[in-house]
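Participant: Build me a model from this:
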Amino acid sequence: MCCKFTDLHCKEVICICDGRRLGFISDAKIDLCDGRVIAIVVPGPCRHFGVLGHRDDFVIPWNCIRQIGPDIVLVDVKPDECRVPRIKNLLPF
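Facilitator: Okay, the predicted model is just below:
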């Protein structure tokens, strides 16, 4: 199977363990040496209606993806185990 990142971008990610909606794919981690996708990145839920930004990101390993459909991506992972702290933007602008 072959697809472009633009095909994955903004697809909704759903955990098949508990049926929880994790969010939408925003980024991917790529191994530049091998040219392989290592993981997909899903921003965590918003805090206070998005005014205070997002909580921790979900970094889901590529081998945990079970199905890629036209609108959603099904993953087999425990959301609390793939949560990674969001790096704060230290630039003043």
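Participant: what separates the lengthiest strand in the chain from the chain centre, distance-wise?
Facilitator: Across the chain, the longest stretch assigned as strand under DSSP state E is strand 36-42. Averaging C-alpha positions (Cα atoms, centre = their mean, to the nearest Å) puts strand 36-42 7 Å from its chain's average.
Participant: which parts of that strand are buried?
Facilitator: Buried residues in strand 36-42, defined by neighbour count with 16 or more other Cβ atoms under 10 Å: 39-42. Glycine gets a C-beta too; all of them are placed from N, C-alpha and C.
Participant: which residues touch the lowest-mean-pLDDT helix or strand in the chain?
Facilitator: In the chain, no helix or strand scores lower on mean pLDDT, DSSP states H and E than helix 5-8, which sits at a mean of 81. For helix 5-8, the external contacting residues (Cβ atoms under 8 Å, 6 or more residues apart in numbering) are 25, 28, 40, 68, 73.
Participant: what does stretch 33-47 give?
Facilitator: 8, 13, 22-31, 52-62, 65, 73, 83, 86.
Participant: Output that stretch as CSV - backbone C-alpha positions only.
Facilitator: Extracted C-alpha coordinates of stretch 33-47, given in CSV (Å, rounded to 0.1, in the frame of the first residue of the first chain):
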residue,chain,number,x,y,z
CYS,A,33,18.4,7.2,7.6
ASP,A,34,15.9,4.5,6.6
GLY,A,35,13.2,6.7,5.1
ARG,A,36,10.5,5.0,7.2
VAL,A,37,7.6,6.5,9.2
ILE,A,38,8.2,5.7,12.9
ALA,A,39,5.1,7.2,14.4
ILE,A,40,2.1,9.5,13.9
VAL,A,41,1.5,12.5,16.1
VAL,A,42,-1.9,13.5,17.4
PRO,A,43,-2.3,16.7,19.5
GLY,A,44,-3.8,16.1,22.9
PRO,A,45,-7.2,17.6,23.9
CYS,A,46,-7.6,21.4,24.2
ARG,A,47,-7.5,23.1,27.6
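Participant: Could I get the full set of strands for the chain?
Facilitator: 12-15, 21-24, 27-31, 36-42, 57-61, 65-68, 72-75, 83-84.
Participant: Can you lay out the ones you listed as CSV showing distance to Cys2 and mean pLDDT?
Facilitator: As requested, the strands of the chain are exported to CSV (distance: least, Cβ to Cβ, whole Å; pLDDT from 0 to 100):
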stretch, distance to Cys2, mean pLDDT
strand 12-15, 20, 94
strand 21-24, 22, 92
strand 27-31, 15, 92
strand 36-42, 12, 92
strand 57-61, 20, 93
strand 65-68, 11, 94
strand 72-75, 16, 95
strand 83-84, 28, 84
